[in-house]
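Peer 1: coords below, sequence missing:
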């Protein structure tokens, strides 16, 4: 998480971003791929909250008996839950390219990485109320 934040800070000079990072667990995973997934979620939170005077980005985790669940929340433009099923598909965009740059593969990569670890990815949001992107990683990785 710290590496992802450091990476996005290079492109956010002059922006006011309030980072809230909770206590995060140490997990067994492919660190390179999970770091890429986290980076994609953090970069999206930064991108979609850029029109706010102060962007608030929260990263925290919880756990169940079987899995760790990670959340990346922002106070950005959000989205309608009517289109949530499109979010993790390749080249699906909910906002016009003129509004927000991107290739349309970041969230698809997140889903693929998380599913390879036996987890799942999902999102919740509302227009102009921000979004929360979440993923789970099982405590026992698939063989």
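Peer 2: That came through, no problem. This structure is a prediction, so every number in the text was calculated from the model and none was measured. Numbers count the residues shown, from 1 in each chain.
Peer 1: what about residue 38, how many residues nearby?
Peer 2: Burial measure for residue 38: 22 neighbouring residues, criterion other Cβ atoms under 10 Å. Glycine gets a C-beta too; all of them are placed from N, C-alpha and C.
Peer 1: helix or strand for the closest residue to it other than its chain neighbours, which one?
Peer 2: Leaving aside its chain neighbours, residue 38 sits nearest to residue 4 (4.8 Å; criterion: Cβ to Cβ, 6 or more residues apart in numbering). Taking DSSP states H and E as the criterion, residue 4 maps to helix 2-9.
Peer 1: again, but for residue 32
Peer 2: With DSSP H and E as the test, residue 32 turns up in helix 31-48.
Peer 1: from residue 48, how far out is the nearest residue to residue 17 once chain neighbours are set aside?
Peer 2: Spatially, and ignoring its direct neighbours in sequence, residue 17 is nearest to residue 55 (4.5 Å; Cβ to Cβ, 6+ apart). Plainly put, residue 55 is 9 Å away from residue 48 if you go by Cβ to Cβ, to the nearest Å.
Peer 1: show me the residue at the heart of this structure, geometrically.
Peer 2: residue 41 (2.3 Å; Cα atoms, centre = their mean).
Peer 1: wait, that residue sits on residue 73?
Peer 2: No - under the criterion of Cβ atoms under 8 Å, residue 41 is not in contact with residue 73, lying 9.8 Å apart.
Peer 1: give me the common contacts of those two.
Peer 2: The contact sets of residue 41 and residue 73 overlap at residue 133 (Cβ atoms under 8 Å, 6 or more residues apart in numbering).
Peer 1: so, low pLDDT: which residues of the chain?
Peer 2: Within the chain, the ranges that satisfy pLDDT under 70 run 90-104, 141-143.
Peer 1: and if we set it to 50?
Peer 2: 91, 93-95, 97, 100, 103 (pLDDT under 50).
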